[in-house]
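J.: Let's see this in three dimensions:
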Amino acid sequence: MSPEGSSMAGSGDAPTVLVRDSSGRQLLCFLEELIPLDGHDYVLLTPVDTPVCLFQLTDDEAEPKLIDTVDATEPILSIADVVLQEHDLTLVRSAVTLTVSGELEEPDPDDFDDDDESDPEDSETYDLLVSFVVDEQDYGLYIPLDPFFVVARMEGSDAVLVEGEEFERVQPRIEAELDEREGQLGDGEEADD
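T.: Coordinates of the predicted model:
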């Protein structure tokens, strides 16, 4: 299964899984990979709705500031709701990340100049979805252009977000397993040539 196919347009026949976090919030995701470890089934997922990141924007040369945690009742999100509704979009306060549901055009990474000062951080590429002002401070909701993955542990037909120590413990092992699978896939393709 290709992670690119599930970004915003949908993932064809990929099954969906509802993930919940320790606070009880949920996020509907496409199942990308199943990785058995230590008697548990871990899954690599991509959100069905479009993930977005909230940044506080600055007028000076300073980099925009990523707002990692924001309370669901935060006034900033109420303003973002109104701005998104003008574009027939809905802000969803999901597990793991904020998401936006509605018809979005998929951003084309070729349309972005690497020197674009509106990119919030150098390490990742983002596309500005909307900007707005709250209490004379500028904010922006950005769509990450890199694939957004969620790691969860299956419990029956439900998935529980892997967080904290468990994430620190299994994340490198999941990456190693995926690298090994990719290597085997690459070897198989070379043999077919």
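J.: contacting residues around Asp41?
T.: With CB atoms under 8 Å, 6 or more residues apart in numbering as the criterion, the residues that contact Asp41 are Leu34, Ile35, Arg153, Met154. Glycine gets a C-beta too; all of them are placed from N, C-alpha and C.
J.: Tell me which residue is most central in this structure.
T.: The C-alpha lying nearest the average C-alpha coordinate of the chain belongs to Phe148 (CA atoms, centre = their mean; 3.4 Å).
J.: What is the neighbour count of the residue lying closest to it once chain neighbours are set aside?
T.: With CB to CB, 6 or more residues apart in numbering as the measure, Pro51 is the residue that lies nearest to Phe148, at 4.4 Å, once sequence neighbours are left out. Look at Pro51: counted by other CB atoms under 10 Å, it has 23 neighbours.
J.: could you say what helices and strands the helix or strand containing Pro51 packs with?
T.: Applying DSSP states H and E as the criterion places Pro51 in strand 50-56. Using 3 or more CB pairs under 8 Å, 6 or more residues apart in numbering; DSSP states H and E as the contact test, the elements touching strand 50-56 are strand 65-66, strand 98-101, strand 137-144.
J.: can you put those in TSV and add distance to Gln26?
T.: Compiled in TSV, the helices and strands packed on strand 50-56 are given as follows (distance: least, CB to CB, whole Å):
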stretch	distance to Gln26
strand 65-66	23
strand 98-101	11
strand 137-144	20
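J.: Could you report the separation of the residue nearest to Val48 when sequence neighbours are not counted from Pro75?
T.: Residue nearest to Val48 in three dimensions, not counting chain neighbours: Leu28, with 4.5 Å by CB to CB, 6+ apart. Leu28 sits 27 Å away from Pro75 when distances are taken as CB to CB, to the nearest Å.
J.: Which of the two has more residues huddled nearby?
T.: Residue environment comparison for Leu28 versus Pro75 gives the larger neighbour count to Leu28, 17 against 10, counting by other CB under 10 Å.
J.: State whether that one is indeed within a strand.
T.: Yes: according to DSSP: H, G, I helix; E, B strand; the rest coil, the state of Leu28 is that of a strand.
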